[in-house]
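>>> turn this into a model:
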Amino acid sequence: MTRRPSRLAELFPPRCTVGYAGVVRVGVERYMHHRQREEIRADLESEHGIVLSTGEIRELAHRCLASLEALHRVSAPALRTGLAADGGWPLHIDATGEDGRGTLLVALAGWRRWVLGSWKLPTERAEFMLPKLKDVGGDFGAPRAILRDLGRAVTDAVDEFVSSLDAAIPVLGCHLHCLSDIGGDLLEDLHDELRTLFRKVKLLKPLRAFAREQGRRLGPAIQEGRTGVRLWLAHRDPDHRLPGGPAGMTAARALAPWVLDYPAEGSDAGFPFDLPYLDLYDRCLQVCRAPEVFLRNPPADPQVPKLLERLQRILRPVKRDPPALASVANALRTRAKLFAELREALRLVIKPERATPATVDPGRADRELRDIQAAVDRLAASLRDRRPERGPATDMRQAIDLILSHLDRHGHSLWGHVISIPPECGGGIRLVHRTHNVLETFFHTMKHGERRRSGRKILTQDFEQLPPAAALALNLTRPDYVAIGCASLDRLPEAFAKLDAANRHRSLAAAPNRTPTAVETASVSTIDRRLVRDMDPRIIAVAQSSRPRLRAQSAA
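Take a look at the predicted model:
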């Protein structure tokens with residue numbers, strides 16, 4: 001049997017012609033920097049003269065992940081010690097995917113922001129999540145708190161996991177998920193109805209046609225017109241009289257793009273924090289009134305009033321609509337005000353939390369959380385007082401009941417974020433994040449990198465093929481994790497070599513690449529799709545072979 005010299009064994013994985021340094025380089029470029037295989041191949045050839053195919057690049061990247069996963073398991077006791085030195089750790093648990101496929105479950109240590117585990121699930125169900133939670137608890141100890149969303153599957157899995165532990169652990173619901181769930185239930189039906197009504201009146205298409213047509217009519221003069229509009233805007237005129245010529249025509253034309261720019265009213269936070277069709281309705285009403293004011297004292301140029309009158313005709317369906325548009329918009333506005341009160345009470349800013357919560361003054365932290373809890377309690381009491389018992393205010397009664405039912409159902413999980421740190425770990429307190437923004441930011445980073453690599457906006461196929469250990473690769477961006485696992489990134493090849501040193505015949509690199517079999521719950525998964533398409537000839541042949549027999553039976 002051929003054996004490599006011991007020095008080569010330290011540099012090269014078994015059955016591999018690329019050294020550990022090359023494996024690490026490919027894995028880091030692929031899963032940390034999200035570079036394409038062709039980019040990695042070209043860099044290796046130009047910088048080191050190493051010529052590899054894209055298939056070999058893919059294989060090396062998978063080998064790197066396999067070794068990284070093994071290193072994570074081997075380093076678990078040291079990582080556990082590091083977490084214990086902080087006074088414990090809060091567990092953030094959540095899953096992501098794309099179009100309901102490629103579900104990736106990630107367990108994150110909230111204060112250190114280490115990925116403690118990542119797994120592919122056939123679907124989000126408690127029976128699949130619970131064993132993973134127990135694995136994390138076995139490797140890293142019981143967390144000090146668990147932050148989850150409000151989904152039934154993760155709620156059941158976390159509750160069963162906590163019941164299996166000796167210690168009482170606070171289970172916290174994400175405030176942002178709670179607010180978003182309430183907003184969705186409160187506003188979605190009316191917002192969808194308003195969108196349907198706008199599609200029926202067919203308003204946006206004529207507005208776009210109006211803006212395009214007048215832009216073509218103005219031609220090069222539109223630049224002069226825009227300059228004139230800026231001068232008119234700078235001049236304060238109590239009569240709001242439009243100028244004549246290109247400036248007046250440009251101003252009249254600009255009313256249509258102003259309506260079409262209704263998304264600018266939002267905050268880019270998405271529904272239910274933004275209500276774009278309510279913003280569209282409000283802008284339509286404002287533009288309906290503007291031509292009336294401008295036409296009271298029109299300019300001498302007759303073309304400008306004609307444009308304003310034409311715009312009025314386009315917007316007439318909104319102004320003269322049977323009460324449907326107005327009633328739906330007013331009901332939506334009333335519910336949106338209730339939602340804004342809840343959002344103000346929770347003091348949530350829809351932005352990622354960038355800083356890790358540090359040890360803070362106990363009095364200040366306790367005061368802040370108590371203030372938020374007191375504000376939510378005051379709002380709940382106010383809603384109960386405002387709730388109409390009878391009469392025609394059915395929608396207001398239903399809206400208030402919906403908010404109160406959510407608060408009653410999830411209120412117990414909204415508080416308890418202050419964690420006391422033992423004196424031997426520095427004392428004081430630390431705060432668990434009130435939202436899942438830490439984990440959402442992690443998922444956003446992964447997906448942004450995969451979009452950069454693939455060039456695809458929709459990542460359904462990419463997430464189905466992405467190995468779960470790809471989430472562990474992002475731990476290499478955390479210096480404290482790297483210091484415990486392998487001292488530095490430069491020494492990661494050496495750490496991989498030590499994993500293989502004990503028995504190179506059974507090393508990670510020599511082992512066949514097997515995908516663990518999971519329970520299949522998807523109706524048509526990617527693997528099934530390949531299988532059933534291969535069955536086409538057999539199914540057709542079977543169907544055709546049954547025809548003579550059926551005819552013979554019918555003849556008999």
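>>> what residues are up against Leu190?
Leu190 sits next to 328, 331-332, 335 when contact means C-beta atoms under 8 Å, 6 or more residues apart in numbering. C-beta coordinates here come from the backbone N, C-alpha and C atoms, glycine included.
>>> show me the shaky parts of the stretch 201-350 of the chain.
321-322, 350 (pLDDT under 70).
>>> now with 80?
237, 239, 319-323, 349-350 (pLDDT under 80).
>>> now the strands for it?
Taking DSSP state E, counting those that start in this stretch as the test, none of the stretch 201-350 of the chain falls into strands.
>>> also the stretch 401-550 of the chain?
Using DSSP E, counting those that start in this stretch, strands in the stretch 401-550 of the chain cover 418-420, 429-431.
>>> buried ones in the last one?
Judged by neighbour count using 16 or more other C-beta atoms under 10 Å, the buried positions of strand 429-431 are 429-431.
>>> now distance to Leu11 and neighbour count too, for the contacts of Leu190, in CSV please.
Listed next are the contacts of Leu190 as CSV, based on distance: C-beta to C-beta, whole Å; neighbours: other C-beta atoms under 10 Å:
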residue, distance to Leu11, neighbour count
Val328, 70, 22
Ala331, 71, 17
Leu332, 66, 22
Arg335, 66, 25
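>>> which residues touch the closest residue to Ala221 other than its chain neighbours?
Using C-beta to C-beta, 6 or more residues apart in numbering and skipping residues adjacent in sequence, the residue nearest Ala221 is Pro246, 4.4 Å away. Applying C-beta under 8 Å, 6+ apart, we find Pro246 in contact with 218, 221-222, 224-225, 228.
>>> out of those residues, which is most surrounded?
When neighbours are taken as other C-beta atoms under 10 Å, the top entry among these is Gly225 (24 neighbours).
>>> distance of that residue from Pro206?
21 Å (C-beta to C-beta, to the nearest Å).
>>> which ones are touching Ile484?
Contacts of Ile484 (C-beta under 8 Å, 6+ apart): 75, 78-79, 82.
>>> which one among those gets closest to Arg152?
Leu79 (31.0 Å; C-beta to C-beta).
>>> tally of neighbours for the closest one?
Using other C-beta under 10 Å, Leu79 has 23 neighbouring residues.
>>> I'd say Leu60 and Tyr20 touch.
No. Assessed by C-beta atoms under 8 Å, Leu60 is found out of contact with Tyr20, at 10.4 Å.
>>> before we move on, back to that, turn the strands of the stretch 401-550 of the chain into TSV, including distance to Ile400.
Formatted as TSV, the strands of the stretch 401-550 of the chain follow (distance: least, C-beta to C-beta, whole Å):
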stretch	distance to Ile400
strand 418-420	30
strand 429-431	31
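>>> any idea how far the residue nearest to Ala95 when sequence neighbours are not counted is from Glu464?
Leaving aside its sequence neighbours, Ala95 sits nearest to Leu105 (C-beta to C-beta, 6+ apart; 4.5 Å). From Leu105 across to Glu464, the span is 15 Å (C-beta to C-beta).
>>> pretty sure Ala142 sits against Ile169.
Yes. With contacts counted by C-beta under 8 Å, Ala142 reaches Ile169, the gap being 6.5 Å.
>>> the two: which is more packed in?
Ile169 (21 against 18).
>>> secondary structure class for the closest residue in space to that one that isn't next to it in sequence?
Excluding the flanking residues, the one nearest Ile169 by C-beta to C-beta, 6+ apart is Val162, at 5.2 Å. For Val162, the assignment made with DSSP: H, G, I helix; E, B strand; the rest coil gives helix.
>>> residues touching Val162, list them.
Listed by C-beta under 8 Å, 6+ apart, the contact set of Val162 reads 146, 169, 171.
>>> look up the closest residue to the last one, ignoring the ones flanking it.
In space, not counting the residues next to it along the chain, Val171 is nearest to Ile146; the distance is 5.1 Å by C-beta to C-beta, 6+ apart.
>>> what about that neighbour, distance to Thr435?
Ile146 is 14 Å from Thr435, by C-beta to C-beta.
>>> hmm, Ser53 is touching Arg41, no?
Yes. Using C-beta under 8 Å, Ser53 is in contact with Arg41, at 7.4 Å.
>>> ok, back up a step: please identify which of the strands of the stretch 401-550 of the chain is closest to Pro323.
strand 429-431 (49.1 Å).
>>> chain center to that closest one: distance?
With C-alpha atoms, centre = their mean, to the nearest Å as the basis, strand 429-431 stands 26 Å off its chain's centre.
>>> excluding chain neighbours, what is closest to Val488?
Not quite, residue 488 is Ser, not Val. Spatial nearest neighbour of Ser488, excluding adjacent residues (C-beta to C-beta, 6+ apart): Val482 at 6.4 Å.
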